[in-house]
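In: no sequence for this one, just the structure:
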């Protein structure tokens with residue numbers, strides 16, 4: 001059976017189970033002092049005999065069993081003890097024999113954490129907020145290849161933490177009657193509220209509200225209870241000085257009229273706080289003044305002749321009052337002026353008297369009027385308000401103003417439409433009007449706008465008389481109303497003229513009937529007649545009856561709307577007309593000695609030509625023959641043999657050339 005050692009034991013040689021048959025020394029590998037790992041280890045052994053002559057060295061191997069060691073586990077926590085909520089404690093875990101691996105920690109048997117060893121050591125932080133009391137920190141080493149598992153423990157003591165109160169001092173000094181004060185304090189970490197209480201003085205507390213109930217010094221305490229982890233905080237106090245409030249005693253002002261007795265004076269007390277009333281005030285105060293019943297109107301002080309008022313929580317200040325001695329009153333009697341009146345009325349005399357006998361003055365409050373002394377002048381329509389005043393003097397106060405209203409009606413202006421005239425067919429003229437009835441020096445310059453002036457007559461209304469109706473239209477004038485009188489428009493018959501187109505002139509006798517053309521400016525029909533000359537007219541057709549100058553007149557006699565037009569004449573010159581001569585021979589050619597009948601026929605466009613025809617044979621006149629029904633017949637047998645050019649020369653008559 002091999003020898004055995006535990007891990008961590010250094011080889012010394014005594015652990016080996018080796019023997020020799022002679023004396024000598026054993027040496028082994030590894031050498032003495034070596035720490036072997038856990039398990040079965042084989043060592044080489046060299047035996048060197050002491051007697052090297054008789055014996056030689058020898059080698060062998062030896063088996064050595066190295067077992068795991070159980071290390072020591074220790075726990076040390078520092079600082080220790082610690083305060084709750086303060087610095088944490090650091091727990092150091094140490095395991096001997098060069099242990100590696102992990103250590104499982106527990107606090108009072110409850111699993112806490114696992115740490116890993118480094119150089120056989122590890123740390124864990126124990127929180128100061130874990131709780132209050134003594135705590136065991138158990139460490140269970142989990143072992144490694146060379147070490148068995150092992151346990152150890154340490155301890156930590158956690159004590160209660162202290163806490164403090166920070167109490168903000170209330171404002172001080174204060175005055176009685178101050179509004180409730182909110183107290184402000186913060187406590188420690190126990191979480192318990194800071195509780196306020198009255199240590200001494202006149203006050204009360206509800207929650208964090210301090211109510212002052214009287215003057216003096218009020219001491220307030222702030223406390224905070226402890227808890228499992230915190231001890232109770234030390235009490236903190238604050239003092240508040242409360243001064244008395246001030247009451248004001250004011251003499252009540254009074255008044256009387258000059259000559260009267262002084263009234264009974266009074267006073268008021270103000271400044272009460274905290275719901276106090278005058279019931280907290282004891283004693284009384286007396287008042288006096290220097291004014292007598294004969295003192296002149298004015299202001300007099302009301303003073304306190306004694307100041308014997310008392311009240312807990314209050315001081316007093318005294319304020320004088322004023323006695324006002326006023327003037328005596330007076331009234332006005334104002335006789336009402338006549339009303340209504342009409343614009344343009346004569347000046348009005350005003351009458352009023354004051355009960356004081358003082359003179360009354362007049363003024364205009366509103367309206368179109370003016371006043372001078374006691375004379376009122378109306379300057380426009382409307383309502384004139386006149387006031388009577390008496391300003392008073394040292395003995396009398398001003399009288400109440402008395403007013404009277406005077407209604408001023410507008411004056412009447414007569415608006416008369418002016419007569420006008422025009423002719424038939426013309427547009428109506430612009431109508432005008434005249435005005436009468438102005439007063440107060442007014443003229444037409446006060447007018448604005450224009451009256452409405454209308455008539456029923458139109459351009460086609462027959463001549464005659466038509467009413468021009470006058471109405472207000474846009475006419476306006478301050479201070480006046482209007483009365484209207486109509487006028488007359490006379491429509492006269494219109495004149496007319498004739499435009500007569502002259503016939504073409506001259507013309508030749510025998511011209512066709514001529515159409516005459518003329519128009520009247522009135523549009524009425526024009527009639528024609530022959531004033532003189534050889535022509536006739538029928539309607540608008542002129543017929544020429546001879547040679548000469550024909551004078552034709554155009555006439556329009558008028559009617560109810562138009563006067564007769566002046567006649568217009570035109571002259572037509574009628575010249576003689578040329579005739580047409582035709583000839584015929586009974587025998588041509590003829591034989592000398594035979595009778596030849598030459599017939600000359602004259603024709604014109606009018607009546608049959610008259611007169612004679614002279615028959616020439618060259619330069620020889622053969623005969624002059626009178627026309628019969630426009631025909632001249634010449635019989636001859638005396639023509640000699642040969643060619644004869646016979647010429648018939650017409651002598652003309654009144655109508656023909």
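Out: All right, it came through fine. The model shown is predicted, which means the values in this text are computed figures rather than measured ones.

In: For residue 361, give its distance to residue 280.
Out: Between residue 361 and residue 280 the computed distance is 57 Å (CB to CB, to the nearest Å). For every residue, glycine as well, the C-beta is placed using N, CA and C.

In: meant to ask about residue 445
Out: 82 Å.

In: and what of residue 560?
Out: Taken as CB to CB, the span from residue 560 to residue 280 is 117 Å.

In: Kindly report the same for residue 83.
Out: Counting by CB to CB, the gap from residue 83 to residue 280 is 55 Å.

In: now residue 609
Out: Distance from residue 609 to residue 280, by CB to CB: 163 Å.

In: more neighbours, these two?
Out: residue 609 (25 against 15; other CB atoms under 10 Å).

In: Residue 615 bridge partners, please.
Out: When bridges are called by DSSP bridges, residue 615 pairs up with residue 623, residue 648.

In: residues near it, how many?
Out: 20.

In: Over to residue 22?
Out: Residue 22, neighbours per other CB under 10 Å, totals 11.

In: isn't it right up against residue 55?
Out: Yes: contact criterion CB atoms under 8 Å: residue 22 and residue 55 qualify, at 5.0 Å.

In: From the opening residue of stretch 31-49 to its closing one, how far?
Out: End-to-end distance for stretch 31-49, by CA to CA, to the nearest Å: 18 Å.

In: Give me the buried positions along it.
Out: Buried residues in stretch 31-49, counted by 16 or more other CB atoms under 10 Å: 36, 38, 41, 43, 45, 47, 49.

In: what are the phi and psi angles of the last one?
Out: When you say that, I think you mean residue 49. When quoted as degrees, to the nearest 10, the phi and psi of residue 49 stand at phi -70, psi 150.

In: and stretch 154-163, which residues are buried?
Out: So, applying 16+ other CB under 10 Å, buried residues of stretch 154-163: 154, 156, 158, 160, 161, 162, 163.

In: for stretch 168-183, same thing?
Out: 170, 174, 176, 177, 178, 181, 183.

In: Please apply the same query to stretch 361-377.
Out: 362, 364, 367, 368, 369, 371, 376, 377.

In: Switch those over to JSON lines, and while doing so, append secondary structure to every line.
Out: Formatted as JSON lines, the buried residues of stretch 361-377 follow (DSSP: H, G, I helix; E, B strand; the rest coil):
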{"residue": "362", "secondary structure": "strand"}
{"residue": "364", "secondary structure": "strand"}
{"residue": "367", "secondary structure": "coil"}
{"residue": "368", "secondary structure": "coil"}
{"residue": "369", "secondary structure": "strand"}
{"residue": "371", "secondary structure": "strand"}
{"residue": "376", "secondary structure": "strand"}
{"residue": "377", "secondary structure": "strand"}
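
In: which of the residues you listed lies closest to residue 348?
Out: Relative to residue 348, the closest of the buried residues of stretch 361-377 is residue 376; by CB to CB it sits at 4.3 Å.

In: Can you tell me, leaving aside adjacent residues, what's nearest to the closest one?
Out: Closest residue to residue 376 apart from its sequence neighbours, by CB to CB, 6 or more residues apart in numbering: residue 348 at 4.3 Å.

In: Could you tell me how far the one you found is located from residue 379?
Out: 12 Å.

In: And those two? Which one has more around it.
Out: residue 348 (19 against 16).

In: wait, what's in contact with the more buried one?
Out: Contact partners of residue 348, counting by CB atoms under 8 Å, 6 or more residues apart in numbering, are 337, 338, 341, 375, 376, 377, 378, 406.

In: Next up, the contacts around residue 373.
Out: Here residue 373 is in contact with residue 362 (criterion: CB under 8 Å, 6+ apart).

In: pLDDT value on it, please?
Out: pLDDT, residue 373: 95.

In: what does the one 10 residues further on give?
Out: At residue 383, the predicted lDDT confidence score is 96.

In: The closest residue to residue 336 other than its chain neighbours: neighbouring residues, count only.
Out: Closest residue to residue 336 apart from its sequence neighbours, by CB to CB, 6+ apart: residue 404 at 4.7 Å. By the criterion of other CB under 10 Å, residue 404 has 18 neighbours.

In: elements contacting the host helix or strand of residue 621?
Out: Here residue 621 sits within strand 620-626, counting by DSSP states H and E. Packing contacts for strand 620-626, counted by 3 or more CB pairs under 8 Å, 6 or more residues apart in numbering; DSSP states H and E, involve strand 612-617, strand 631-636.

In: what would these look like in TSV with mean pLDDT and distance to residue 258?
Out: Formatted as TSV, those follow (pLDDT from 0 to 100; distance: least, CB to CB, whole Å):
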stretch	mean pLDDT	distance to residue 258
strand 612-617	87	153
strand 631-636	85	154
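
In: can you redo those as JSON lines with distance to residue 389?
Out: Shown next, in JSON lines, are the helices and strands packed on strand 620-626 (distance: least, CB to CB, whole Å):
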{"stretch": "strand 612-617", "distance to residue 389": "131"}
{"stretch": "strand 631-636", "distance to residue 389": "133"}
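
In: Can you check which of the ones you listed gets nearest to residue 512?
Out: strand 631-636 (25.2 Å).

In: Enumerate the positions of that closest one that are buried.
Out: 631, 632, 634, 636.

In: Please list all residues in contact with the second one.
Out: So that's residue 632. Here residue 632 is in contact with 599, 600, 602, 612, 613, 615, 625, 626, 648 (CB under 8 Å, 6+ apart).

In: do the same with the first one
Out: Contacts of residue 631 were listed using CB under 8 Å, 6+ apart, and they are 599, 600, 601, 602.

In: Which of these sits closest to residue 399?
Out: Using CB to CB, the contacts of residue 631 come closest to residue 399 at residue 602, 133.3 Å.

In: hmm, which of the contacts of residue 632 are the buried ones?
Out: Counted by 16+ other CB under 10 Å, the contacts of residue 632 give 600, 602, 613, 615, 625, 648 as buried.

In: Next, format these as CSV and append distance to residue 515.
Out: Shown next, in CSV, are the buried ones among the contacts of residue 632 (distance: CB to CB, whole Å):
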residue, distance to residue 515
600, 36
602, 30
613, 36
615, 42
625, 40
648, 37
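
In: how about the residues you listed, which pair is most distant?
Out: 602 and 615 (12.9 Å).

In: Would you mind giving the domain segments of this structure?
Out: Domain assignment for the chain by automatic domain parsing gives 3-67, 77-159, 166-243, 246-326, 332-409, 412-492, 498-575, 580-650.

In: Look at the closest residue to residue 354 other than its chain neighbours and say how many residues are nearby.
Out: Using CB to CB, 6+ apart and skipping the chain neighbours, the partner closest in space to residue 354 is residue 390 (4.2 Å). Neighbourhood size, residue 390 [other CB under 10 Å]: 25.

In: List the contacts of residue 390.
Out: 330, 332, 354, 356, 358, 359, 360, 361, 396, 398, 399 are the contacts of residue 390 under CB under 8 Å, 6+ apart.

In: now what about stretch 119-129, what contacts it?
Out: By CB under 8 Å, 6+ apart, stretch 119-129 touches 77, 82-100, 103, 105, 107, 112-113, 115-116, 135, 137, 156, 158, 229.

In: Make a ChimeraX selection of the buried ones in the residues you listed.
Out: Here is the ChimeraX command that selects the buried residues among the contacts of stretch 119-129 (16+ other CB under 10 Å):
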select :77,82,84,85,89,91,93,94,95,96,97,98,99,100,103,105,107,112,115,135,137,156,158,229
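
In: Please flag which of the contacts of stretch 119-129 sit within helices.
Out: Among the contacts of stretch 119-129, none falls in helices (DSSP state H).

In: residue ranges with poor pLDDT in the stretch 1-150 of the chain?
Out: Residue ranges of the stretch 1-150 of the chain with pLDDT under 70: 1-2, 13-18.

In: can you give me the strands in it?
Out: 3-6, 24-29, 39-49, 58-67, 73-78, 82-83, 89-95, 102-107, 110-116, 121-126, 133-141, 150-159 (DSSP state E, counting those that start in this stretch).

In: what distance separates the worst-scoring helix or strand of the chain on mean pLDDT from the centre of its chain?
Out: Lowest on mean pLDDT, DSSP states H and E among the helices and strands of the chain sits strand 580-585, with a mean of 75. Computed by CA atoms, centre = their mean, to the nearest Å, the chain-centroid distance of strand 580-585 equals 114 Å.
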